[in-house]
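Q: make a model of this:
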Amino acid sequence: MPKKNIFIVGLDEFNKKLLQQLPQAAECEFHAALDISDIRNVQSYDMQHLIDKAVGRMESFKGSIDGVATYYDFPGTVLVPILARRFGLPGPDLESVLRCEHKYWSRVEQKEVIPEHIPMFQPFDPFDAQGFEKLRLLPPFWIKPIKSFKSFLSFRINDELEYWEATNKIRKSIALIDEPFRYLLQNYAQVPYEIAHMHESCLAESPIGGLQCTLEGYSFKGEIVGYGIVDSVQEKISSSFARYQYPSILPLEIQHRIMDTARKAIARIGMDNSAFNIEFFYDQTAQQVYLLEINPRISQAHTDLFAKVHGHSHLSVMVDLCLGRKPRILERNGPFSVAGHFMLRTFEDGRVVQVPAQEQLEKVREKFPGTQMKILVRQGDRLSELLALQDSYSYELANIIIGGMDGSNLLEKYNHVLDLLSFKIDKEEYIAEI
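A: Here you go, the predicted structure:
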């Protein structure tokens, strides 16, 4: 029986190996509609070129074309429905994906069904010389582009001076994603005129906080299912993430409230035949759940967490959906009870003087089997000049994914791993060892 051919937007070697470990791998072959190098670490996004390149690859393929999917944010998430429509494949419609991706439009839809679970919000123009005066929100508040990812150009504003400092940074870099995103809104989708052509390109939101987590789920033929919650643990000195940890340790009652809130939001947005991950805050003081944002895909940052706990990653959900099937249940068949995706960061700019040698990486793998490591910088890199989209408050040096028997065992292993890896950053006056 011929294998089914699935095309991935942004195929990379790390996740290709995880795809090949899925139960569905026996019946599927995975191909690149676009390579990871086409959508990450690029100077600009030419959307028409990316669409044409993906269509060209798929049209020139000699076998059947059975599915298209992605586990990456923009432009991956918006290209999938375009390609699915072009080739008559299962998938979400573009408009529903854009209702998730467009942060202002998404908030407008959420306000209709879950107003008590979202912050106050207001769009604004970062190029407006009277922008701060026109905001109805009083500091502190957050500002961010209407389309972004990984907290790129997202800033907490405590006073007017910080507003102007932040918008100055936003003005310099917002076009990287804003312009190609507007191109899709205006040329490929049936979007209300006031959304597609709105002058404002940023969103201000009142602060929400508490314990942060992400619900992984899917919508299939109208059925909205959540199958796992991952805790997002922040650094003690900033809003940047220290690690993702799975499964969540939130009380079950709170997890059920998160799921109920997600169902209402996804139903309102009208997204179907798609995976999603939704970021939430649980405010313990107010006993309230707040929705931060909806992403119309699985989180690739969580793939190995699920693999360590379930025996294979939740890429299986993505694969089933892109083939038009209801996703199979994830059993707890993995080698670990808990897993953590740690993000090693530094909070000051500098030049990378030393990264871990291959011998160090091998020693970690030998001592802690199953540990995955991605070194994100190279010797000689200037952290502030990295093309990869970092958050606004830190520089990510490496991702380290570890399994453990419980939370304490997980942290103990991570600290041992750090002892075996050598990073050095020259911060002008001195060299800092990480």
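Q: where along the stretch 151-300 of the chain do the strands fall?
A: 155-157, 202-205, 211-220, 223-234, 241-246, 274-283, 288-295 (DSSP state E, counting those that start in this stretch).
Q: which stretch in those is the model least sure about?
A: Between the strands of the stretch 151-300 of the chain, the lowest average pLDDT goes to strand 241-246, which shows a mean of 90.
Q: what are the pairing partners of it, and which direction each?
A: Using DSSP bridges, strand 241-246 pairs in its sheet with strand 223-234 (antiparallel), strand 338-346 (antiparallel).
Q: what helix or strand does the closest residue to residue 39 other than its chain neighbours sit in?
A: Excluding the flanking residues, the one nearest residue 39 by CB to CB, 6 or more residues apart in numbering is residue 10, at 4.8 Å. Placement of C-beta: from N, CA and C, glycine included. Using DSSP states H and E, residue 10 falls within strand 4-11.
Q: show me what that strand is packed up against.
A: helix 13-20, strand 28-35, helix 36-39, helix 47-60, strand 67-69, helix 76-87 (3 or more CB pairs under 8 Å, 6 or more residues apart in numbering; DSSP states H and E).
Q: could you rerun that using 6 Å?
A: strand 28-35, helix 76-87 (3 or more CB pairs under 6 Å, 6 or more residues apart in numbering; DSSP states H and E).
Q: and the ones you listed, which is most packed in?
A: When those are scored by mean count of other CB atoms under 10 Å, the highest mean neighbour count falls to helix 76-87 (a mean of 23).
Q: residues in contact with that helix: which ones?
A: With contacts defined as CB atoms under 6 Å, 6 or more residues apart in numbering, helix 76-87 is touched by 9-10, 54, 65, 68, 70, 91-94, 97, 184, 296-297.
Q: between the helices and strands packed on strand 4-11, which gets nearest to residue 292?
A: Closest to residue 292 of the helices and strands packed on strand 4-11, according to CB to CB: helix 76-87, at 16.7 Å.
Q: what bits of the stretch 251-400 of the chain have low per-residue confidence?
A: 387-392 (pLDDT under 70).
Q: one step back: could I get the contacts of helix 76-87 as CSV with distance to residue 129 and neighbour count?
A: Listed next are those as CSV, based on distance: CB to CB, whole Å; neighbours: other CB atoms under 10 Å:
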residue, distance to residue 129, neighbour count
9, 39, 27
10, 38, 25
54, 41, 22
65, 51, 18
68, 44, 27
70, 39, 27
91, 43, 23
92, 39, 25
93, 39, 18
94, 35, 23
97, 34, 27
184, 29, 24
296, 35, 27
297, 37, 22
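Q: so what sits opposite residue 230 in the bridge?
A: Beta bridges link residue 230 to residue 214, judged by DSSP bridges.
Q: residues contacting it?
A: Shown in contact with residue 230 (CB under 6 Å, 6+ apart): 214, 244, 246, 302.
Q: what do you get for residue 133?
A: The contact partners of residue 133, by CB under 6 Å, 6+ apart, come to none.
Q: quick one: secondary structure of it?
A: The three-state assignment at residue 133 reads helix, by DSSP: H, G, I helix; E, B strand; the rest coil.
Q: so it versus residue 171, what's the distance?
A: Counting by CB to CB, to the nearest Å, the gap from residue 133 to residue 171 is 17 Å.
Q: for residue 152, report the pLDDT, please.
A: Residue 152 is assigned 81 on the pLDDT scale.
Q: what's around it, how many residues?
A: The number of residues packed near residue 152 is 20, by other CB atoms under 10 Å.
Q: list phi and psi for it.
A: Residue 152 adopts backbone torsions of phi -60, psi 120, taken as degrees, to the nearest 10.
Q: equivalent analysis for residue 154, please.
A: Backbone dihedrals for residue 154, given as degrees, to the nearest 10, come out at phi -110, psi 130.
Q: next one: residue 395
A: phi -120, psi 120.
Q: neighbours around the residue lying closest to it once chain neighbours are set aside, how many?
A: Leaving aside its sequence neighbours, residue 395 sits nearest to residue 383 (CB to CB, 6+ apart; 4.1 Å). Neighbour count of residue 383, defined by other CB under 10 Å: 19.
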